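got a sequence here, can you build the structure:
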Amino acid sequence: MLSGGNTKTFRKILTNREPIVARKTKQLVSIFAAIGAVSALAACNSRESEEKADQLEQSADQVRDSADEAADSMENKADQLDTRVDGVDSGAEQSLENQADAVRESGDAKADAIEDKADEVRDAGT
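Numbers count the residues shown, from 1 in each chain. Prediction:
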């Protein structure tokens, strides 16, 4: 049996235990609420980053397509400059084809840089 002093100690332990459990429960609820808020914020940022990255990739596609169209047009003009089908390009035709190649390469480089930026935006959002 418990003596008088031990009974008081035992009651004290039982009465103090409930507030500890309640405090721990409140702490856990607060922690889970904070985790939920951070997750929601991260999802929002991730979605915004994904949308911005998609827009950048569309811009890169437009830059590349525009450069290809300009280069194709230049190559068609170059072909019209040399009417002979002898397998030898005239100087003017070769010069225009070289310029078309430069336009295409420049467009590809710009598009690649935009795509790299899109990757950075996408990576930063995750």
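
so which strand or helix has S46?
helix 4-81 (DSSP states H and E).

pLDDT on that helix, on average?
Confidence over helix 4-81 (mean pLDDT, whole number) is 74.

and if you look at stretch 116-126?
For stretch 116-126, the per-residue pLDDT averages 86.

list of residues touching it?
Contacts to stretch 116-126, defined as C-beta atoms under 8 Å, 6 or more residues apart in numbering, come from residues N45, S46, R47, E48, S49, E50, K52, A53, D54, L56, E57, A60. Where you see a C-beta, it was placed from the backbone N, CA and C, and this is true even at glycine.

weed out the non-buried ones from the residues you listed.
Among the contacts of stretch 116-126, those classed as buried by 16 or more other C-beta atoms under 10 Å are S49, K52, A53, L56, E57, A60.

which one of those is nearest to L81?
L81 lies nearest to A60 out of the buried ones among the contacts of stretch 116-126, by C-beta to C-beta, at 31.9 Å.

surely the closest one and A111 touch.
Yes. A60 lies in contact with A111 (C-beta atoms under 8 Å); the separation is 4.2 Å.

give me the distance between D68 and D54.
Distance, D68 to D54, by C-beta to C-beta, to the nearest Å: 21 Å.

meant to ask about D65, not that
From D65 over to D54 the distance is 16 Å, taken as C-beta to C-beta.

A111 too?
15 Å.

in which helix or strand does D108 reside?
Secondary structure (DSSP H and E) places D108 in helix 91-124.

name the residues of that helix that come out as buried.
Per 16+ other C-beta under 10 Å, helix 91-124 contains these buried residues: 93, 96-97, 99-100, 103-104, 107-108, 110-111, 114-115, 117-118, 121-122.

pLDDT at E97, what is it?
91.

let me see the contact set for it.
M74, E75, A78, D89.

how many other residues sit next to the third one?
By other C-beta atoms under 10 Å, the residues close to A78 number 20.

these two touch, right, it and G91?
No. If you go by C-beta under 8 Å, A78 and G91 don't touch, sitting 10.9 Å apart.

distance of R64 relative to Q55?
Relative to Q55, and taking C-beta to C-beta, R64 is found at 15 Å.

wait, what's in contact with R47?
With C-beta under 8 Å, 6+ apart, R47 has these contacts: G125.
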